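Q: No letters, just coordinates:
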C-alpha cells in the first residue's frame, strides 16, 4: 500500500498568512544567537582598541584595523560554533555546554588570528595591549549573553512571551504527551488541541468532523506523532482527510522509523534516502584527527610524567602485583589490541567472564579507588593513542566479554567501531561514565556514541576534551 507523501514544511513557513509576526522557533533561535555573537565580537574588537588607546596614550586612534580584525574573529567564531552545532536550541539552553564551547573556540580563534598576523608580518602595527583588552571584552560579552539567555529565555518560553505557532497534535492513544509538549515548546509550537486516533475503520467524513471538533480551524499547523506501525492504514486515512484543510501538516515518527528519518538525507534520483550509518572518516578527517591525537598525547604524557611516577610507586607499595594492567579490547573495525591502564584492582581479569566494578567493590585497592574516581588510571592509555590503537576522543572500549554480550542485545552496538575508541567521549561528558548495570543504560551510551560518529569535527573533539577536564571533579558515578 503506497503511503501518501505530504509537503515538506520548514519551521518558519508553518505559519498562516493571517499571523503577521515571525514565529519563535529553532530557526529564529539559531540565527538570533549567531547574529548576537557576531555583533558582540565586532563591538569588543573596536571597543577594546579604543579603550586601550585612551587609557595608555590618552588619545582616540583610528580603530578601522581592529574593526577588520573583529570581522575576521567574529566570522570564524560564528562559523566554528555553527560547525559544533552550538546554536541549536538544545545547546543554546545548556549554560554548561555554552561555556565549554566558548572556552574552546574563542582561544583557538584568537590564536588563529595571531598566526595570520605573524605570517603576514604586520605585528608591529597591532598593539598587544589592544588584543588583550579585546579578548577580555569578548569573553565578558559572550559569557554575559549566555547568562542572560539562561536566566531569561526558558522562562520567557514557559510564559509564552514569544509568539508561538498554535498546533493540533494528532497521535495514537498510547502516546506519552508530556515529552512531546516540552519538545514542541522549545521549537516554538504551542499544543492547543490534542486528538487521538485509535480506530482503523474511521471514515474520511468522520475524521473531517473530528478535526473540526478538535479545533483545526483555530491552529496554524498540524503535528502528527506516529509510532504505531501496526496500524499504518489509520495514518493513511488521517493524512488523506487532512487534505480538506488549508493547513500545513508535519509527521514525526518514533521508534525505528524515527531513528531512520533522523539520518542525513540524500537524493537518489527523484526519491530520498536517509543515511543511518555514516561511513568511516575520510583520509583528510583521519589525518586531522591523528595529528590532534599525537600532539595532545605527547603533551599530556610529558606534563603528567611526575604524576605517573608517583602513582606507579603508590601502586607497588599498596598491594602486590604489577603497576600496569593490560586487557584485550576491540578497536577500529573490530581489530583487537591490548589496552594499558594503571592497575586499580587486586585481580587481573581478562577472560570470557568479566564483572564490571561496582560501588564498594572489594576487588578495588585503596590506591585504585582514588585513581579510578579521578580517572588517573586511564593516563597510560595515551601510549595506546600514540601507537594508533586509540584516539583521544571516541567511544570508550569495553572488555571483549561485554562487547560480545551487548553486541548481541543492542542493534547499533557494532557501529561504535567505525572510529577508533577513545579515552573520553560524547557519552562520558553527558552522564554515561562508569558502570552500566542495565541494557537501557548501555543503549543510552551507544546512542551518544553514534551521535558523536555522525557529527564528528575537530571542534567537537576539543569541546569534549575541555568538558572532560572540567567534569573530573564529579566522582559520583565512578568507582
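A: Received, thanks. What you see is a predicted model, and the numbers here were worked out from it, not measured in a lab. Numbering: from 1, shown residues only.
Q: and the next element down the chain from the longest helix along the chain?
A: Longest helix of the chain, by residue count under DSSP state H: helix 283-318. With elements assigned by DSSP states H and E, the helix or strand that comes after helix 283-318 is strand 324-330.
Q: Tell me how far the residue of the chain most remote from its centre lies from residue 393.
A: Distance from the C-alpha centroid of the chain, by Cα atoms, centre = their mean, peaks at residue 58 (46.5 Å). Note on residue 58: its distance to residue 393, by Cβ to Cβ, to the nearest Å, is 49 Å. Quick note: C-beta positions are derived from backbone N, CA and C, even for glycine.
Q: and the angle from the longest helix of the chain to strand 324-330?
A: 150 degrees (axes from the mean of the first three to the mean of the last three Cα atoms, to 10 degrees).
Q: What average pLDDT does helix 283-318 get?
A: Computed over helix 283-318, the mean pLDDT rounds to 90.
Q: Tell me the spacing between residue 465 and residue 471.
A: 11 Å.
Q: ok, now residue 451?
A: In this view, residue 451 and residue 471 are 18 Å apart by Cβ to Cβ.
Q: between these two, who's got more neighbours?
A: Legend: neighbour count by other Cβ atoms under 10 Å for residue 451 and residue 471, higher for residue 471 (18 against 14).
Q: Report the contact partners of that one.
A: Applying Cβ atoms under 8 Å, 6 or more residues apart in numbering, one finds that residue 471 lies in contact with residue 429.
Q: returning to that earlier point: quick one: the residue farthest from the centre of the chain from residue 367, how far?
A: Taking Cβ to Cβ, one finds residue 58 at 60 Å from residue 367.
Q: swap in residue 332?
A: Distance from residue 332 to residue 367, by Cβ to Cβ: 32 Å.
Q: One more: residue 37?
A: 46 Å.
Q: Next: residue 240.
A: For residue 240, the distance to residue 367 (Cβ to Cβ) stands at 68 Å.
Q: Could you check which of the two is surrounded by more residues?
A: Shown here are residue 240 and residue 367; by other Cβ under 10 Å, residue 367 has more neighbours (21 against 12).
Q: Model confidence for the more buried one, exactly?
A: We have a pLDDT of 85 for residue 367.
Q: hang on, it packs against residue 313?
A: No. Using Cβ atoms under 8 Å, residue 367 is not in contact with residue 313; the gap is 9.9 Å.
Q: Can you show me the strands along the stretch 101-250 of the chain?
A: In the stretch 101-250 of the chain, the strands defined using DSSP state E, counting those that start in this stretch lie at 165-172, 189-197, 221-226, 249-253.
Q: The stretch 351-479 of the chain too?
A: For the stretch 351-479 of the chain, strands defined by DSSP E, counting those that start in this stretch occupy the ranges 391-393, 422-424.
Q: Go through the ones you listed and pick out the most buried.
A: A comparison of the strands of the stretch 351-479 of the chain by mean neighbour count, using mean count of other Cβ atoms under 10 Å, puts strand 391-393 on top with a mean of 27.
Q: for residue 327, which residues make a bridge with it?
A: Counting by DSSP bridges, residue 327 is bridged to residue 339.
Q: helices and strands around the helix or strand hosting residue 50, which ones?
A: Applying DSSP H and E as the criterion places residue 50 in helix 26-57. Here helix 26-57 touches helix 64-83, helix 89-92, helix 128-158, going by 3 or more Cβ pairs under 8 Å, 6 or more residues apart in numbering; DSSP states H and E.
Q: Run a quick neighbour tally on the closest residue to residue 102 other than its chain neighbours.
A: What sits nearest to residue 102 in space, not counting adjacent residues and going by Cβ to Cβ, 6 or more residues apart in numbering, is residue 142, at 5.1 Å. When neighbours are defined as other Cβ under 10 Å, residue 142 has 24 of them.
Q: Show the contacting residues for residue 142.
A: So residue 142 contacts 37, 40, 41, 102, 106 (Cβ under 8 Å, 6+ apart).
Q: Please tell me how far it sits from residue 40.
A: Taken as Cβ to Cβ, the span from residue 142 to residue 40 is 6 Å.
Q: and if you look at residue 166?
A: Counting by Cβ to Cβ, the separation of residue 166 from residue 40 is 33 Å.
Q: What of residue 367?
A: 47 Å.
Q: can you check residue 421 too?
A: 38 Å.
Q: now residue 428
A: Distance from residue 428 to residue 40, counting by Cβ to Cβ: 31 Å.
Q: Which of the two has more residues huddled nearby?
A: The residue with more neighbours, out of residue 428 and residue 40, is residue 428; 25 against 20, by other Cβ under 10 Å.
Q: residue contacts, the more buried one?
A: Going by Cβ under 8 Å, 6+ apart, residue 428 touches 396, 468.
Q: ok, the residue nearest to residue 338 when sequence neighbours are not counted - contacts?
A: Distances taken as Cβ to Cβ, 6+ apart put residue 326 closest to residue 338, at 4.8 Å, once the chain neighbours are dropped. Residue 326 makes contact with 338, 339, 340, 341, 350, according to Cβ under 8 Å, 6+ apart.
Q: which of those sit farthest apart?
A: Within the contacts of residue 326, two members stand farthest from each other by Cβ to Cβ: 340 and 350, at 12.5 Å.
Q: Looking only at neighbour counts, state which of those two leads.
A: Taking neighbours as other Cβ under 10 Å, residue 340 and residue 350 compare with residue 340 leading, 19 against 15.
Q: from memory the more buried one sits against residue 384, does it?
A: Yes. The pair residue 340 and residue 384 qualifies as a contact (Cβ under 8 Å) at a distance of 5.9 Å.
Q: Can you lay out the helices and strands packed on helix 26-57 as JSON lines showing distance to residue 33?
A: Listed next are those as JSON lines, based on distance: least, Cβ to Cβ, whole Å:
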{"stretch": "helix 64-83", "distance to residue 33": "9"}
{"stretch": "helix 89-92", "distance to residue 33": "5"}
{"stretch": "helix 128-158", "distance to residue 33": "8"}
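Q: what's the closest of the ones you listed to residue 446?
A: Closest to residue 446 of those, according to Cβ to Cβ: helix 89-92, at 19.5 Å.
Q: Buried residues, that closest one. List them.
A: Buried residues in helix 89-92, counted by 16 or more other Cβ atoms under 10 Å: 89, 91, 92.
Q: now do stretch 38-50
A: Judged by neighbour count (16+ other Cβ under 10 Å), stretch 38-50 contains these buried residues: 38, 40, 41, 42, 43, 44, 45, 46, 47, 48, 49, 50.
Q: And for residue 192, the neighbour number?
A: Neighbour count of residue 192, defined by other Cβ under 10 Å: 16.
Q: The closest residue in space to it that isn't next to it in sequence: what's it in contact with?
A: Closest residue to residue 192 apart from its sequence neighbours, by Cβ to Cβ, 6+ apart: residue 166 at 4.6 Å. Shown in contact with residue 166 (Cβ under 8 Å, 6+ apart): 190, 192, 218, 219, 220, 221.
Q: No further queries at this time; thank you.
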